[in-house]
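In: quick one, what's the 3D model for this:
(one chain, ligands or ions: 1)
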Amino acid sequence: MKTKINSKEVGLDLGLLLFKNFLDTDYMHYGLFKDNLEAKITNLPKAQKNYSELLLSKIPKDVKSILEVGCGSGRFAYNLHQKGYEVECVTPQSQLADYAENLLLDKVKVNKSKYEHFKTEKKYDLILFSESFQYIKMKDSIPKSIEFLKPGGFIMIADFFQKDVKGKSALGGGHKFSLWEKTLNESNLKIEFEKDVTDETAPTIDIANQLSKNLAYPIWQLILNGLGSKYPLVLKFLKWKYSQKFNKIEHTYFSGEMNGENFKKYKRYMIYLLNK
Ligand SMILES: C[S@@+](CC[C@H](N)C(=O)[O-])C[C@H]1O[C@@H](n2cnc3c(N)ncnc32)[C@H](O)[C@@H]1O
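Out: Model (predicted):
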């Protein structure tokens with residue numbers, strides 16, 4: 001059977017390769033650029049540490065068991081385990097999940113499944129979505145999480161949402177904020193903590209833009225020029241056949257539109273602690 005390649009998962013795998021090899025970090029989430037931390041790539045590990053410290057500081061003190069949904073490289077789950085929490089992960093089968101499994105070994109169980117298909121009899125004190133909330137339909141994630149929580153348990157969500165503004169963002173992703181507010185209102189979950197960190201997370205996108213401009217674009221051009229000079233007809237054919245894909249790549253990554261200012265215009269990054 002032909003396996004369908006999930007481009008979002010490939011993107012996450014590439015992100016991990018880049019972060020691990022050049023920055024010696026395997027966090028997969030945005031950074032929090034606070035205290036005038038400059039938006040440059042070498043500051044990303046520090047900003048990502050700020051982010052994970054903020055999340056850790058908001059875990060209520062009676063919490064013992066945590067289910068992390070979408071654990072990426074497993075680094076955050078690893079930190080949670082080191083802090084003494086009983087942690088379990090549920091994350092789709094991918095190279096990233098294999099990496100997490102190797103990192104977490106016998107410390108944390110990694111269930112390789114989409115959250116939508118995950119079944120368990122267990123109940124947890126806290127369910128964590130650190131930048132995984134946007135990948136799952138809210139009509140699946142919220143009722144399922146409520147079901148998996150002990151009475152009085154918590155859901156922590158850190159992710160960006162789409163603002164209701166005119167125009168189209170080069171950066172995709174995120175549930176519509178208005179739909180989220182409606183879902184939240186209807187869920188009976190109580191907001192224990194909420195913080196808008198859009199301004200502090202936006203520099204992460206400026207860094208992605210710098211990487212696109214200074215690294216990915218020159219590589220892209222080298223490949224196209226190389227192909228064009230050796231096999232001009234092949235390049236012409238590919239550009240014709242995959243014109244939509246070419247246009248999308250050029251618009252999303254190389255137009256300069258994917259930057260911190262536009263992130264603030266189109267997205268809203270929120271951190272929530274919700275109580276059942
Ligand atoms: C941006 S990474 C975040 C990783 C990690 N939580 C962190 O904060 O570093 C998003 C994660 O969500 C996972 N994911 C995507 N779709 C999912 C789904 N349907 N169910 C569970 N996890 C999912 C991805 O595989 C990836 O591990």
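
In: so who does the residue nearest to the spatial centre of the chain touch?
Out: Nearest residue to the geometric centre of the chain (CA atoms, centre = their mean): Glu131, 3.7 Å. Each residue near Glu131 by CB atoms under 8 Å, 6 or more residues apart in numbering is listed here: 28-30, 70, 72, 158-159. The C-beta positions use only the backbone N, C-alpha and C, and glycine is treated the same way.

In: near the ligand, list only the ones from the residues you listed.
Out: Under the cut-off given by CB under 6 Å from any ligand atom, the ligand has 28-29, 70, 72 from the contacts of Glu131 close to it.

In: out of these, which two sit at the greatest distance?
Out: Across the ones next to the ligand among the contacts of Glu131, no pair lies farther apart than His29 and Gly70, at 10.3 Å, counting by CB to CB.

In: more neighbours: which of those two?
Out: Gly70 (24 against 21; other CB atoms under 10 Å).

In: what distance do you get for Thr198 to Met28?
Out: Look at Thr198 and Met28: by CB to CB, to the nearest Å, they are 19 Å apart.

In: and for Lys46?
Out: Counting by CB to CB, the gap from Lys46 to Met28 is 16 Å.

In: ok, those two, which is more surrounded?
Out: More crowded of Lys46 and Met28, by other CB under 10 Å: Met28, with 22 against 15.

In: identify the residues contacting that one.
Out: 12, 15-16, 19, 72-73, 75, 96, 131.

In: do the same with Gly72
Out: By CB under 8 Å, 6+ apart, the contact set of Gly72 is 12, 16, 27-29, 91, 96, 100, 130-132.

In: so what secondary structure elements neighbour the biggest strand by length in the chain?
Out: What stands out as the longest strand in the chain, according to DSSP state E, is strand 149-162. Strand 149-162 is packed against helix 44-57, strand 124-130, helix 138-148, strand 175-176, helix 177-187, strand 267-275, with contacts defined by 3 or more CB pairs under 8 Å, 6 or more residues apart in numbering; DSSP states H and E.

In: the helix or strand where Ala97 lies close to the ligand?
Out: Following DSSP states H and E, one finds Ala97 within helix 95-104. Yes - against the ligand, helix 95-104 shows contacts by CB under 6 Å from any ligand atom at Leu96.

In: make sure Ala216 is actually in contact with Tyr253.
Out: Yes - using CB atoms under 8 Å, Ala216 is in contact with Tyr253, at 6.2 Å.

In: and those two? which has more neighbours close in?
Out: Neighbour totals were compared for Ala216 and Tyr253, and Tyr253 leads with 20 against 15 (other CB under 10 Å).

In: can you read off the pLDDT for Leu227?
Out: Listed pLDDT for Leu227 reads 86.

In: contacts only, for it.
Out: Counting by CB under 8 Å, 6+ apart, Leu227 makes contact with 234-235, 238.

In: next: Ser178.
Out: Neighbouring residues of Ser178 by CB under 8 Å, 6+ apart: Asp164.

In: picking that back up, closest one to Glu116 among the helices and strands packed on strand 149-162?
Out: Of all the helices and strands packed on strand 149-162, it is helix 138-148 that lies closest to Glu116, at 4.7 Å by CB to CB.
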